[in-house]
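1. Fold the following.
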Amino acid sequence: MKLGILSVSLNVKDLNTSKVFYENLGFSVFGGDMEMNYLIMKNENSLIGLFQGMFENNILTFNPGWDSNANLIENFDDVRKIQKELIGKGTKLENEIAENTQGPASIMLIDPDGNTILIDQHV
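-> Residues are numbered from 1 along each chain as shown. A predicted model of the protein is given here:
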């Protein structure tokens with residue numbers, strides 16, 4: 001199963017304070033929008049999403065079809081294929097997508113310790 005690039009989506013209290021903190025750790029803004037209350041920050045191949053007021057807990061986010069620079073990769077598993085495989089293994093999903101669709105879609109699941117995992121395909 002090819003899940004794509006991993007990033008951590010952090011629920012932050014103050015976006016600007018968190019931005020400065022992660023800049024001090026060597027991260028730079030890679031995407032997002034301060035006015036929309038989120039930034040994507042990058043340090044080499046490490047990605048962190050900073051989200052103010054969008055969700056309660058931190059989330060592990062996988063992006064099928066993207067490399068660490070958000071460039072399209074040719075050989076990836078579509079989120080629908082991943083969904084089918086997970087369901088086949090008895091994994092409970094928080095949401096499902098129709099198998100007869102294509103393009104951008106996402107599924108979410110919770111690991112045994114309550115951590116949210118988002119598999120978010122943008123292509």
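2. Relative to residue 73, how far out is the nearest residue to residue 110 once chain neighbours are set aside?
-> In space, and not counting its chain neighbours, residue 110 is closest to residue 116: 5.9 Å by CB to CB, 6 or more residues apart in numbering. The C-beta positions use only the backbone N, C-alpha and C, and glycine is treated the same way. Using CB to CB, to the nearest Å, we find residue 116 at a distance of 24 Å from residue 73.
3. Those two: which is more packed in?
-> The neighbour count for residue 116 versus residue 73, taken as other CB atoms under 10 Å, is higher for residue 116 (17 against 13).
4. partner residues bridging the more buried one?
-> Beta-bridge pairing of residue 116 under DSSP bridges involves residue 59, residue 110.
5. My guess is it contacts residue 106. True?
-> No. In this structure, residue 116 is not within contact of residue 106 by CB atoms under 8 Å, at 11.7 Å.
6. tell me the phi and psi of the residue minimising distance to the centre of the chain?
-> By CA atoms, centre = their mean, the chain has its centre lying nearest to residue 61, at 2.5 Å. Backbone geometry at residue 61, expressed as degrees, to the nearest 10, gives phi -120, psi 130.
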